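Enquirer: output the structure for:
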Amino acid sequence: MNQLANCGAGNGQVAALNVGVDPDTTDPFLGLIDLGHPDLPGGVAIDPASQEVLVSSGGEGNGGFLDIIDETSLAIVSGSPFAFPAGSDSAVFGATSGQVLFDSVNGAAIVSTGDASTCPIAGTCTGFAKFDLATQTFGSVIQSALADQFALNATSQVIIAPADSIDPGLGTGAGMDAIDLVNSAGCIISDQSVSTLDADPDGSGFDPTTNIVVAGNYSSSLATVINLNGSAFDETVTPCMLNEGGTLPNSVNVDTGTGVEMPGVAVNPVTHQAFLTQIDGPAIALLGLPSSPVTQLGSGMVTALANSSIPNDPNDNSFSAQGFPYATVVDVANNLGYALSSNFDFVVQIDLSILQSNPGLISTPLPSGTCWGLSTIFACDNGNGVKFFPIFFPSCT
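Expert: The predicted model follows:
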């Protein structure tokens, strides 16, 4: 599924795509879902067990909302939309535009929040909130700094979220939220690799099997990889801290080799690889991470496996990856990476095994032809690991 801003005063809309088909010969468009309320969809997550889609929205002066959609019927589940905790909104400038992640351990949706105009005390409505899918109720906001994007380790119940407003004294914009979901505590983590690089971490992804988190940086081609195995919260200090285990810093900065900023991040915990994307550009990269938990992370344990670039789209426009929020994800079962174009006209699928084994093939230009149902100059499949899936939204007038 993919989401798009609402059209003027219209309702928020979500497009459903079948990314298992050949977009040159088969229509990938399954339908357009009208949320029924005029709010800006920003985040999408899926509960694979119940086959329900979670959509967060807001930013229109109404507060934040969570909608639940049945993945099979594309029908909105009864009770939706569910209002965020009082005073909190989803889409706030500089935030994740309402990112939502699925907590598979507790059967919950975790959403990022910001202050709505109705927040009684500034800052008290910004942070994270948990929605219990069984009871269909939100808990209180866990207060923290406004997040750029967040990553969740459902096993350890820890959130790591880069946040521009946090400066632990080691570098501008060098701080990150560290949320203790077990104790509902909004803490921070101060990592020396992050602060030394001082490159504004934005995206993040977790490998829950090793407790390693990867941060993509807005101002650098280097990614920061932090080992949280052996870490522990200290909630006796103010602000409370998530302290890394081992010898500090238990982290490394690794160059993706692209030569451009690479803030978009998604981690495949099966292959133990991180897929990274450029903001407003076509560059992509793949990092190799440790396959089992380690006490101390060394530079040789993280490798830059490959980098390449996404070819021009079927209309022969240079591909530009979406940011704010970043739409970089990984299909764990099939080892496929996905990126959304910045103008919401294509979702791109990248075969990560081909990216690793023969990265030059990925950038192969699309052949002449047309996508299914479109009058394009080129086909949607380059035959070398990249497929473009068109998104059909009605024109905003």
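Enquirer: only C-alpha atoms from now on, for both contacts and neighbour counts.
Expert: OK.
Enquirer: who's in contact with the closest residue to Ser220 other than its chain neighbours?
Expert: Nearest in space to Ser220, with sequence neighbours left out and distances taken as C-alpha to C-alpha, 6 or more residues apart in numbering, is Glu261 at 4.4 Å. Residues counted as contacts of Glu261 (C-alpha atoms under 8 Å, 6 or more residues apart in numbering) are Asn217, Tyr218, Ser219, Ser220, Ser221, Leu222, Gln278, Ile279.
Enquirer: and Thr25, by the same measure?
Expert: Listed by C-alpha under 8 Å, 6+ apart, the contact set of Thr25 reads Cys371, Trp372.
Enquirer: and it, how far from Val77?
Expert: According to C-alpha to C-alpha, to the nearest Å, Thr25 and Val77 sit 32 Å apart.
Enquirer: send the alpha carbons of stretch 225-238 over as CSV?
Expert: C-alpha atoms of stretch 225-238 as CSV (Å, rounded to 0.1, in the frame of the first residue of the first chain):
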residue,chain,number,x,y,z
VAL,A,225,25.7,1.6,13.0
ILE,A,226,25.1,1.3,16.8
ASN,A,227,25.3,-1.9,18.8
LEU,A,228,22.7,-1.9,21.6
ASN,A,229,23.4,-5.4,22.7
GLY,A,230,24.1,-5.1,26.5
SER,A,231,22.6,-1.6,26.6
ALA,A,232,20.5,-0.5,29.6
PHE,A,233,18.4,2.5,30.6
ASP,A,234,19.4,4.7,33.5
GLU,A,235,16.2,6.5,34.6
THR,A,236,17.8,7.9,37.7
VAL,A,237,19.3,10.8,35.7
THR,A,238,17.6,13.7,33.9
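Enquirer: what sits up against it?
Expert: Residues outside stretch 225-238 that contact it (C-alpha under 8 Å, 6+ apart): 180, 187, 191, 210-215, 240-246, 250-254, 293-297, 302.
Enquirer: what do you get for stretch 180-195?
Expert: Counting by C-alpha under 8 Å, 6+ apart, 127, 142-144, 157-159, 168, 170-172, 174-179, 201, 224, 226, 233, 235, 239-243, 248-249, 251-253 sit against stretch 180-195.
Enquirer: ok, of those, which come out buried?
Expert: The neighbour-count test (16 or more other C-alpha atoms under 10 Å) marks 127, 142-144, 157-159, 168, 171-172, 174-179, 201, 224, 226, 233, 240-243, 249, 251-253 as buried among the contacts of stretch 180-195.
Enquirer: where in the protein is the helix or strand with the lowest mean pLDDT?
Expert: Every helix and strand in the chain was compared by mean pLDDT, DSSP states H and E; the lowest is strand 2-4, with a mean of 47.
Enquirer: could you point out which element follows that one?
Expert: Downstream of strand 2-4, the next assigned helix or strand under DSSP states H and E is strand 13-17.
Enquirer: report all helices and strands that that following strand contacts.
Expert: Packing partners of strand 13-17 (3 or more C-alpha pairs under 8 Å, 6 or more residues apart in numbering; DSSP states H and E): strand 2-4, strand 29-34.
Enquirer: with only the CA atoms kept, save the last one in PDB.
Expert: When you say that, I think you mean strand 29-34. C-alpha atoms of strand 29-34 as PDB (Å, rounded to 0.1, in the frame of the first residue of the first chain):
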ATOM      1  CA  PHE A  29      -3.600  -1.200  -9.000                       C
ATOM      2  CA  LEU A  30      -6.000  -2.900  -6.500                       C
ATOM      3  CA  GLY A  31      -8.000   0.100  -5.500                       C
ATOM      4  CA  LEU A  32      -8.200   3.600  -3.900                       C
ATOM      5  CA  ILE A  33      -9.300   3.800  -0.300                       C
ATOM      6  CA  ASP A  34     -11.000   7.000   0.900                       C
END
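Enquirer: taking strand 13-17 as reference, get the angle to it.
Expert: Per axes from the mean of the first three to the mean of the last three C-alpha atoms, to 10 degrees, the angle that strand 29-34 makes with strand 13-17 is 160 degrees.
Enquirer: any residues touching strand 29-34, and which ones?
Expert: Taking C-alpha under 8 Å, 6+ apart as the rule, strand 29-34 contacts 11-18, 74-75, 390-393.
Enquirer: what is the neighbour count of Val348?
Expert: When neighbours are defined as other C-alpha atoms under 10 Å, Val348 has 23 of them.
Enquirer: actually Val254, not the one I wrote
Expert: Quick note: Val254 (other C-alpha under 10 Å) scores 17 neighbours.
Enquirer: could you do the one 4 residues further on as well?
Expert: For Thr258, the number of neighbouring residues by other C-alpha under 10 Å comes to 19.
Enquirer: look at it and give its secondary structure.
Expert: Following DSSP: H, G, I helix; E, B strand; the rest coil, we place Thr258 in the coil state.
Enquirer: Ser193: helix or strand, and which one exactly?
Expert: Element membership of Ser193, judged by DSSP H and E, is helix 192-197.
Enquirer: OK, contacts around Thr26?
Expert: Contact analysis of Thr26 by C-alpha under 8 Å, 6+ apart lists Trp372.
Enquirer: how close does it get to Phe389?
Expert: 10 Å.
Enquirer: repeat that for Asp47.
Expert: Distance, Asp47 to Phe389, by C-alpha to C-alpha: 23 Å.
Enquirer: of these two, which one has the most company?
Expert: Each of Asp47 and Phe389 has its neighbours counted (other C-alpha under 10 Å); Phe389 has more, 28 against 18.
Enquirer: if anything else comes up later, I'll come back, but that's it for now.
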